[in-house]
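Asker: Turn this into a model:
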Amino acid sequence: MAYAKAGWFVLPVRPGTKSPGSIVGTDWPSQSTRDPEQIAEWWSENPDYGIALHSGRSGAVVFDLDVDDLGCVPGALREALRQGRFQSTRRGICDRGHYVFAVPAGESYGNGAGAFALFGEVRGKNGVIIASPSPHVDADTKGGGYEWADCGTLPELPDALRECLRAAPEHEQPSLTPDDMKAFLDTYIRSDRLPAFAGLIKTFERDLSEHGSRHGAMVNVLAMGFRESVAGCYPVDDVHTTVRRLFNESFKNKELSAREGRTRPSRDEFVRAAQWAAAQALAADPDETLARLDRDVIAQQEREEWFWSARTELAQMLQFARARLIAPWALFGAVTARALGVVPPRVVLPALVGSHGSVNSFVALVGPSGAGKSVARSAARDFVSVKLPGALQLHVRNVGSGEGLVDQYATYDAKSKTFVGLRTRVMFTVDEVETLTAQGARSGSTLFPTLRLAWTGDSLGFANRDKAKAVPVEAHRYRLPMIVGVQPGKAQPLLDDADGGTPQRFLWMPTADPDAPDVEPAEPEPITVGPWPSPQRKSAFTVTESSAVTGEVALVTIPGTAKELIEIAIPECVRAEVLTQRRRVLRGDPDVNPLDGHALMTRLNVAVCLMVLNGRYDKVAMRTGSLPV
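Answerer: Sure, this is the predicted structure:
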């Protein structure tokens, strides 16, 4: 009678059960009542009937927590639950039980639990809870018992829980059993669209960065990954293993732990999430999942079409590639290396991290043997004419040893007993990557360390008692672009040097063109880049165009100063992105890879190339809604 007077619709429940229809039958949702006469009639029949509260009809929603400790629940959900009226379902001190809230006017919620499904169930429309002083069915086996912690008006549903329920699937499926989960992981092993798996990792990192919820990021990518695995995109066990690792590693982030208020996952949190996500994935339509992926592919195609049409020279490049039967992106990569050869050695990117950045650029043209890696270099030479001051040239050489790279720029003159510059701009080429990796794998090889230094524009050379072998090439006194042909099956030795940061310094471009036309277009006119305009300011090392060869080359072995460098201006938003990434590295953020900074610098190098192709030599600009150009 007290519950009814407080506004609850109630039902009798047969002792030893929790079924709301155990007395009144299957039409129980319409039989719940506040009528004192009906209530008196029911309990007069048997005073030992349990009491069921019909939550939805009463204007309430109940979160039934199935874990003992609220500290295991993610921060936002935990704090929201604490605002509710609490009925414990275990004797003694325990957080397991019912957290009850009033549903805001005009809203209605079913029993779909959304993100809360991993910690318990929701009793909304046509949901019930058993209430004190009813005996608990597990009183003897699990210490069950109902007891309200306090009384009073129900608080309104907090926003965090409201959003949780709004995100619940319309037809939410019950979680898989452990045996069903094992069968699920053993069943879906196809990998028809394996490249899509990379998007899973990026989604987790993005969700963690933007929303800061490890639990939410984990649930989201499990649901997405399992759906795509059921559709045959990639093996489901890869999703299960990878997301578990990412989720566990995220707890090493002290800043995130402080914000969430927990330093470890709750017991079985990942297991519960995986069983829930797997059940939803099995209920999803694989064709709809594949259609969504196809929409992603279409969106990518639209972005590529926008890129090639954004500038006249890019449209010409695409047409030239199609006319010569060359993959457009492979041609773009080779053109990038050539165009950056126009940039004088002392023209640099701003000193954002540590020191000034170089536009020395490495390009990997990726494809099987005969796919067009070497012809892409030749086509780039035909499409882009590099014009340098005076008699300067962009020399082309094959890669040998680290010492061999240095020897291309300077030598030791035994007659004058001095170091002498030979040239400042050399584009190195490697037809097949195994040539590069074989050189780098030799005992005592200096090739990879030298390449990493060259990419940053740092000083090159080796200490040696023999001066002829101790030739210096000073920082920002040389230009070194490099193009490497890479067969995917032979790329592993290069990728194995990821800890050293070598593959991260490359711009990787495919040699395939899925959209190649049946009829080749007419070949457009080639374009010319350069020469880079002479600097306006005067200094001890200023060189005129007529003295470019003797001036620039003569400085190769002479250390320079920061005052001699000429900075390319970059947009503030780019500067902010680079600095933000670096701050995360300095603060020990486990969710950021320190070597990702190389990717940002590679993007800047590409932006400088686009600037040069456009005939500009002062700053990287922005186009509205685009990347730097």
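
Asker: From now on I want contacts and neighbour counts done on CA atoms only, so please keep to that.
Answerer: Fine.

Asker: Okay, and the most centrally placed residue in the chain sits in which element?
Answerer: Centroid check for the chain by Cα atoms, centre = their mean gives residue 202 as the closest residue, at 2.4 Å. Assessed by DSSP states H and E, residue 202 sits inside helix 197-211.

Asker: which helices and strands does that helix pack with?
Answerer: helix 214-230 (3 or more Cα pairs under 8 Å, 6 or more residues apart in numbering; DSSP states H and E).

Asker: and for the helix it packs on, what are the contacting residues?
Answerer: Contacting residues not belonging to helix 214-230 are listed as 74, 115, 188-191, 197, 200, 203-204, 207-208, 234-236, 239-240, 243, 247, 250, 273-274, 277-278, 280-282, 284, 286, 289-290 [Cα atoms under 8 Å, 6 or more residues apart in numbering].

Asker: Helices of the stretch 501-629 of the chain, start to end?
Answerer: Taking DSSP state H, counting those that start in this stretch to define them, one finds helices in the stretch 501-629 of the chain at 548-554, 572-586, 596-613.

Asker: Now residue 56: closest residue in space that isn't a chain neighbour?
Answerer: Excluding the flanking residues, the one nearest residue 56 by Cα to Cα, 6 or more residues apart in numbering is residue 125, at 3.9 Å.

Asker: Outside of stretch 568-585 itself, list whatever touches it.
Answerer: 347-350, 352-353, 592-594, 597, 600, 617-622, 628.

Asker: burial measure for the residue nearest to residue 56, as a count.
Answerer: If you count neighbours by other Cα atoms under 10 Å, residue 125 ends up with 20.

Asker: Residue 6 now?
Answerer: For residue 6, using other Cα under 10 Å, the count is 12.

Asker: Can you mark which positions in stretch 216-236 are buried?
Answerer: Neighbour counts using 16 or more other Cα atoms under 10 Å place 216-236 of stretch 216-236 among the buried residues.

Asker: worst-scoring helix or strand of the chain, pLDDT-wise?
Answerer: helix 548-554 (a mean of 70; mean pLDDT, DSSP states H and E).

Asker: which SS class is the nearest residue to residue 81 once chain neighbours are set aside?
Answerer: In this structure, residue 81 finds its nearest non-sequential neighbour in residue 99, 6.3 Å apart by Cα to Cα, 6+ apart. Per DSSP: H, G, I helix; E, B strand; the rest coil, the secondary structure class of residue 99 is strand.

Asker: what number of residues lie near residue 99?
Answerer: Residue 99 has 22 nearby residues by other Cα under 10 Å.

Asker: Show the contacting residues for it.
Answerer: 62, 63, 64, 65, 81, 82, 84, 85, 86, 87.

Asker: top of these by neighbour count?
Answerer: When neighbours are taken as other Cα under 10 Å, the top entry among the contacts of residue 99 is residue 62 (27 neighbours).

Asker: Tell me if that residue really is in a strand.
Answerer: Yes. Assessed with three-state DSSP, residue 62 lies in a strand.

Asker: All the helices of the stretch 201-350 of the chain, in order from the start?
Answerer: Using DSSP H, counting those that start in this stretch, helices in the stretch 201-350 of the chain cover 214-230, 236-249, 254-260, 269-283, 286-309, 312-323, 328-340.

Asker: Just send these back as JSON lines, with mean pLDDT and distance to residue 559 too.
Answerer: Listed next are these as JSON lines, based on pLDDT from 0 to 100; distance: least, Cα to Cα, whole Å:
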{"stretch": "helix 214-230", "mean pLDDT": "87", "distance to residue 559": "49"}
{"stretch": "helix 236-249", "mean pLDDT": "92", "distance to residue 559": "44"}
{"stretch": "helix 254-260", "mean pLDDT": "76", "distance to residue 559": "43"}
{"stretch": "helix 269-283", "mean pLDDT": "89", "distance to residue 559": "56"}
{"stretch": "helix 286-309", "mean pLDDT": "79", "distance to residue 559": "40"}
{"stretch": "helix 312-323", "mean pLDDT": "95", "distance to residue 559": "37"}
{"stretch": "helix 328-340", "mean pLDDT": "95", "distance to residue 559": "22"}
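
Asker: just the ones you listed: most buried one?
Answerer: helix 328-340 (a mean of 26; mean count of other Cα atoms under 10 Å).

Asker: Can you list the neighbours in contact with that helix?
Answerer: Taking Cα under 8 Å, 6+ apart as the rule, helix 328-340 contacts 317-318, 321-322, 359-365, 373, 376-377, 379-381, 384, 386, 427, 481-483, 507-511, 513, 529, 606, 608-609, 612-613.

Asker: how about 6 Å then?
Answerer: With contact meaning Cα atoms under 6 Å, 6 or more residues apart in numbering, helix 328-340 is reached by 318, 321, 365, 376, 377, 380, 481, 509, 510, 511, 609.

Asker: Same check on stretch 488-499?
Answerer: Residues from elsewhere that reach stretch 488-499 (Cα under 6 Å, 6+ apart): residue 503.

Asker: Please measure how far the first residue of it sits from its last one.
Answerer: 19 Å (Cα to Cα, to the nearest Å).

Asker: Pull out the buried positions in it.
Answerer: For stretch 488-499, using 16+ other Cα under 10 Å, the buried residues are 491, 493, 494.

Asker: Which members of those residues are positioned in helices?
Answerer: 493, 494 (DSSP state H).

Asker: I'd like the buried residues of stretch 488-499 written out as a markdown table, with distance to residue 130 and pLDDT added.
Answerer: Converted to a markdown table, these look like this (distance: Cα to Cα, whole Å; pLDDT from 0 to 100):
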| residue | distance to residue 130 | pLDDT |
| --- | --- | --- |
| 491 | 63 | 83 |
| 493 | 64 | 80 |
| 494 | 64 | 80 |
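
Asker: from the buried residues of stretch 488-499, which is closest to residue 42?
Answerer: The shortest approach to residue 42 among these belongs to residue 491, at 77.3 Å (Cα to Cα).

Asker: From the contacts of residue 99, which land in strands?
Answerer: Among these, the members falling in strands are 62, 63, 64, 65, 85, 86, 87 (criterion: DSSP state E).

Asker: farthest-separated two in these?
Answerer: 65 and 85 (12.8 Å).

Asker: ok, so of the contacts of residue 99, who is nearest residue 103?
Answerer: The nearest member of the contacts of residue 99 to residue 103, counting by Cα to Cα, is residue 62 at 9.7 Å.

Asker: now the closest one, nearest residue through space, not along the chain?
Answerer: Leaving aside its chain neighbours, residue 62 sits nearest to residue 100 (4.5 Å; criterion: Cα to Cα, 6+ apart).

Asker: Which residues does that neighbour form beta bridges with?
Answerer: residue 62, residue 85 (DSSP bridges).

Asker: who touches it in this structure?
Answerer: Listed by Cα under 6 Å, 6+ apart, the contact partners of residue 100 are 62, 84, 85.

Asker: Please tell me how far it sits from residue 519.
Answerer: 69 Å.

Asker: One more: residue 62?
Answerer: Distance, residue 62 to residue 519, by Cα to Cα: 66 Å.

Asker: How about residue 184?
Answerer: Distance from residue 184 to residue 519, by Cα to Cα: 48 Å.

Asker: So which of the two has more stuff around it?
Answerer: residue 184 (20 against 8).

Asker: secondary structure element for the more buried one?
Answerer: helix 178-187.

Asker: What's the local residue count around residue 106?
Answerer: Neighbour count for residue 106, taken as other Cα under 10 Å: 5.

Asker: should've said residue 408
Answerer: Other residues close to residue 408 by other Cα under 10 Å number 17.

Asker: Same check on residue 131?
Answerer: With other Cα under 10 Å as criterion, residue 131 counts 22.

Asker: Now for residue 154, how many residues are close by?
Answerer: Residue 154 has 16 neighbours, counted by other Cα under 10 Å.
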